[in-house]
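Participant: fold the following and give me the result.
(one chain, ligands or ions: 1)
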Amino acid sequence: MPSPEHIAENLALVKHHMAQAANAAGRAPEDVRLVAVSKAHPADAAEAALAAGHLLFGENRVREGEAKWPGLKERFPGARLHLIGPLQRNKARAALDLFDVIETVDRPKLATHLARLMDETGRRPDCLIQVNTGAEPQKAGIPPGDADGFIAQCRDELGLPVKGLMCIPPADEEPALHFALLAEIAGRNGLAELSMGMSADYETAIRFGATLVRVGTAVFGPRGGNP
Ligand SMILES: *Cc1c(COP(=O)(O)O)cnc(C)c1O
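Facilitator: Numbering: from 1, shown residues only. Modelled structure (predicted):
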């Protein structure tokens, strides 16, 4: 793992680039927040970022989050955690307990299950709907053509606290097209949050309206083969 000083420097650098990209797009820098993706890094790495004053994080696995975050949240009560990976229904209850935002609501069965658990538990973390903008068969997310209907189902029928959309563009395509598509779907559905952009393309995502960028490698270094 990079030293705590190095992680603090990386955070400052990414935030500087984010502000530059926002300014260049005529947007207010404070309208774009950094989700520091600590997946596959030890709790010490997240702690270095917390100690540097950063409070917003992303994990892609419920179990890894459960192993790492309860202790960190106790010591840094302002910390907020986003789930950015696929959610299985048998982990949904644990996810509601641990995460402050679930970015990956991606199918009707999961949405229905989350709505029921929210009623049962009273825990209502904000939800983003993951859109499979590239319509890739192996990738999670609602297909773009089904997005409007799914958003309406989640928000109006199930009463989920849907705040916005999230996407992971195909690795081999120009991400800007996917960011533009996600922004268009959000716009016509009146959704404010757009979670898009990772280490390689967060500045482009900000140009296309991202309000949340999910950055791992540029903050914590490479993950050593674990995707
Ligand atoms: C791992 C991951 C990221 C961070 O990717 P980097 O390229 O390391 O910045 C962002 N979003 C999701 C959904 C991820 O799984």
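
Participant: in the chain, which helix is the longest?
Facilitator: Scanning the chain for the helix with the most residues, using DSSP state H, yields helix 4-24.

Participant: so which bits of that helix are buried?
Facilitator: Of all the residues in helix 4-24, those buried under the rule 16 or more other Cβ atoms under 10 Å are Ile7, Ala8, Asn10, Leu11, Val14, Lys15, His17, Met18, Ala19, Ala21, Ala22. (Each C-beta comes from the backbone N, C-alpha and C, glycine too.)

Participant: right, and the first one touches Ala48 too?
Facilitator: Okay, so that is Ile7. Yes: with contact defined as Cβ atoms under 8 Å, Ile7 and Ala48 form a contacting pair (4.2 Å).

Participant: how close does the spatially most central residue of the chain get to Met166?
Facilitator: With distances taken as Cα atoms, centre = their mean, Ile84 lies nearest the centre of the chain, 4.6 Å away. Plainly put, Ile84 is 7 Å away from Met166 if you go by Cβ to Cβ, to the nearest Å.

Participant: between these two, which contacts overlap?
Facilitator: Contact criterion Cβ atoms under 8 Å, 6 or more residues apart in numbering; residues shared by Ile84 and Met166: Glu103, Thr104, Ser195.

Participant: so which of those residues wins on neighbours?
Facilitator: Ranked by the number of neighbours (other Cβ atoms under 10 Å), the shared contacts of Ile84 and Met166 place Glu103 first, at 29 neighbours.

Participant: residues near Ala52, how many?
Facilitator: Using other Cβ under 10 Å as the criterion, Ala52 is surrounded by 16 other residues.

Participant: show me what contacts the residue lying closest to it once chain neighbours are set aside?
Facilitator: Counting by Cβ to Cβ, 6 or more residues apart in numbering, Ala8 is the residue found nearest to Ala52 once chain neighbours are left out, at 3.9 Å. For Ala8, the contact set (Cβ under 8 Å, 6+ apart) comprises Ala48, Ala49, Ala51, Ala52.

Participant: roughly how far does the last one sit from Ala94?
Facilitator: Computed as Cβ to Cβ, the Ala52 to Ala94 distance reads 28 Å.

Participant: from the ligand, how far off is the closest residue in space to Gly221 that isn't next to it in sequence?
Facilitator: Of all residues beyond its chain neighbours, the one nearest Gly221 is Pro2 (4.8 Å), with distances taken as Cβ to Cβ, 6+ apart. Here the distance between Pro2 and the ligand works out to 13 Å (Cβ to the nearest ligand atom, to the nearest Å).

Participant: low-confidence ranges, this protein, go.
Facilitator: Along the chain, the model assigns pLDDT under 70 to residues 225-227.

Participant: the ligand contacts on that one?
Facilitator: With Cβ under 6 Å from any ligand atom as the criterion, the chain comes near the ligand at residues 37, 39, 60, 84-85, 168, 198-200, 214-218.
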